[in-house]
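Chemist: Sequence first, predicted model second:
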Amino acid sequence: NFGFMGWAKIDLNIVTMLTSSIAIGVGVDYAVHFIHRYRMRIGIHQRSLHGTADYPGNVYVLLWSDFNFTGYFSGFQTVVPQRKKGGEIVRFNRIFLMIAVLPVMVFLANAGELTGLEIMEKVLNKTSWKDMQGNVKLVLTNSRGEQRVREIRMFNRKRTENENDMLMRFVSPPDVKNTAFLILEHQNGEDERYLFLPALRRVKRIASSGKGGNFMSSDFTYYDIGRPKLNDWTYKRLPDETVNGLDCYKIECLPATPQIAKDTGYGKIIRWIRKDILVTIQSLYFDRSLREWKRLTVPGVEKIGGVWFQTDMIMKDLQSNHRSRMIFSAIEINRNIPASFFSKRSLQRRR
């Protein structure tokens, strides 16, 4: 900037110093924000660009316009004779500066508010653990109150910052024992989901079109098991709400494409996320006709090894009055589970 000013014979004064410093800062900051947000939104190329440029672009257009307006007006004022001190002209300058600076202050206050996307990034990309294992009790209850109970061993490993592997192996009752389910997440592609059925002695891959199917006759779908893909949805932050006395972000999630709505079966999801620990404690799922379909409640949240986990989750089908409850116990983190544990071959091992 200063080299260009010298070449162009632009005088160095308070106005040019101000605008040059802002230009350098804005350029560097915008580049950092743009690269970070594009990296997090890699998916559909055009949507990634639009989603990346939208928020920081608006911020810098407003700031740049306001600073330029303020700077040039201030420069103009330096050449206007000040005939009165403490009179109308001085008062006018003060009022003008207040008017000029106020939009920046208001916008910066609003810019400090997290967007729906930023909140979901924080929720989905926690990096305070490497792997975890534990027990899961899956309780299925029909509309007549009759129950079936299934016991599961669960293993989870963070392969990269944004990719997890998860294995669930049924240990009881006998009719589902050794059934296993594996998820291999891929940030830049379709996640892999495999189901091993011991009665058939084969591993079955769950196709994209099948991930909206019920997981082992429960109200959780194959898509619900594991983490939702960040780029499958667009996010809108709704007015914050309180759930059971807890301050929560309220996020509306809409399918990014019609195909995602078709594959998952969801036309919309609304999530309530605790502000203090960034854990979802309630979700409302809508079908593709935007009718209320299922409600997830999380009565149990526990801190284990410094990490917050959902330890009790209830998914209720509001249309059939069927519900499924997952209760987690004996959770351990950072046990150095080997990568080979999460493979198609490991699905068929009996443990």
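Modeler: Sure, I can see it. Numbers count the residues shown, from 1 in each chain.
Chemist: any idea how far the nearest residue to Pro239 once chain neighbours are set aside lies from Met315?
Modeler: Leaving aside its sequence neighbours, Pro239 sits nearest to Lys250 (CB to CB, 6 or more residues apart in numbering; 6.5 Å). C-beta: built from backbone N, CA, C; applies to glycine. According to CB to CB, to the nearest Å, Lys250 stands 19 Å off from Met315.
Chemist: same question, His186
Modeler: 25 Å.
Chemist: Neighbour count for the two, which is higher?
Modeler: More neighbours surround Met315 than the other of His186 and Met315, with 20 against 13 (other CB atoms under 10 Å).
Chemist: domains for the protein, by residue range?
Modeler: 2-113, 123-347 (automatic domain parsing).
Chemist: quick one: average pLDDT of the first one?
Modeler: The one in question is domain 2-113. For domain 2-113, the mean pLDDT works out to 54.
Chemist: What strand or helix carries Leu117?
Modeler: Using DSSP states H and E, Leu117 sits in helix 116-124.
Chemist: List the contacts of that helix.
Modeler: 40-41, 51, 114, 162, 227-228, 230, 233, 235-237, 249, 251-253, 273, 278-280 (CB atoms under 8 Å, 6 or more residues apart in numbering).
Chemist: How about stretch 237-254?
Modeler: 113-116, 119-120, 228, 233-236, 267-276, 281-282.
Chemist: Which parts of it count as buried, going by neighbours?
Modeler: The neighbour-count check on stretch 237-254 (16 or more other CB atoms under 10 Å) flags 237, 246, 248-253 as buried.
Chemist: Any buried residues in the helix or strand that contains Ile273, and which?
Modeler: Applying DSSP H and E as the criterion places Ile273 in strand 268-274. Neighbour-count burial for strand 268-274 flags 268-274 (criterion: 16+ other CB under 10 Å).
Chemist: So what are the sheet partners of it and their directions?
Modeler: strand 246-255 (antiparallel), strand 280-286 (antiparallel) (DSSP bridges).
Chemist: any idea of the angle the shortest one forms with helix 116-124?
Modeler: Going back to what we said before, that points to strand 280-286. Per axes from the mean of the first three to the mean of the last three CA atoms, to 10 degrees, the angle that strand 280-286 makes with helix 116-124 is 120 degrees.
Chemist: ditto for the first one
Modeler: Note on geometry: by the same axes, to 10 degrees, strand 246-255 and helix 116-124 are set 110 degrees apart in direction.
Chemist: residues in contact with Ser340?
Modeler: Contacts for Ser340 (CB under 8 Å, 6+ apart) come out as Ser346.
Chemist: mind checking how far it is from Leu347?
Modeler: To Leu347, Ser340 is 12 Å away according to CB to CB.
Chemist: Roughly how far does Arg325 sit from Leu138?
Modeler: In terms of CB to CB, Arg325 sits 7 Å off from Leu138.
Chemist: same check, this time on Gly305
Modeler: If you go by CB to CB, the gap between Gly305 and Leu138 works out to 24 Å.
Chemist: the strands in the stretch 151-300 of the chain, which residues?
Modeler: 163-172, 180-184, 192-197, 202-205, 233-243, 246-255, 268-274, 280-286, 292-304 (DSSP state E, counting those that start in this stretch).
Chemist: Compare those strands and report which one is nearest to Lys130.
Modeler: The minimum distance between Lys130 and these falls on strand 163-172, with 10.7 Å, by CB to CB.
Chemist: who's in contact with that closest one?
Modeler: Contacts for strand 163-172 (CB under 8 Å, 6+ apart): 136, 150-159, 176-187, 216, 225-227, 339, 341-342, 346-347, 351.
Chemist: Please name the strands paired to it in the sheet, noting orientation.
Modeler: Applying DSSP bridges, strand 163-172 is found paired with strand 147-160 (antiparallel), strand 180-184 (antiparallel).
Chemist: List of residues touching the last one?
Modeler: I take that to be strand 180-184. For strand 180-184, the surrounding residues in contact (CB under 8 Å, 6+ apart) are 164-170, 191-196, 215-216, 222, 225-226, 342-344, 346-348.
Chemist: Just the buried residues of those.
Modeler: Among the contacts of strand 180-184, those classed as buried by 16+ other CB under 10 Å are 164-170, 191, 193-196, 215-216, 222, 225-226, 342, 346-347.
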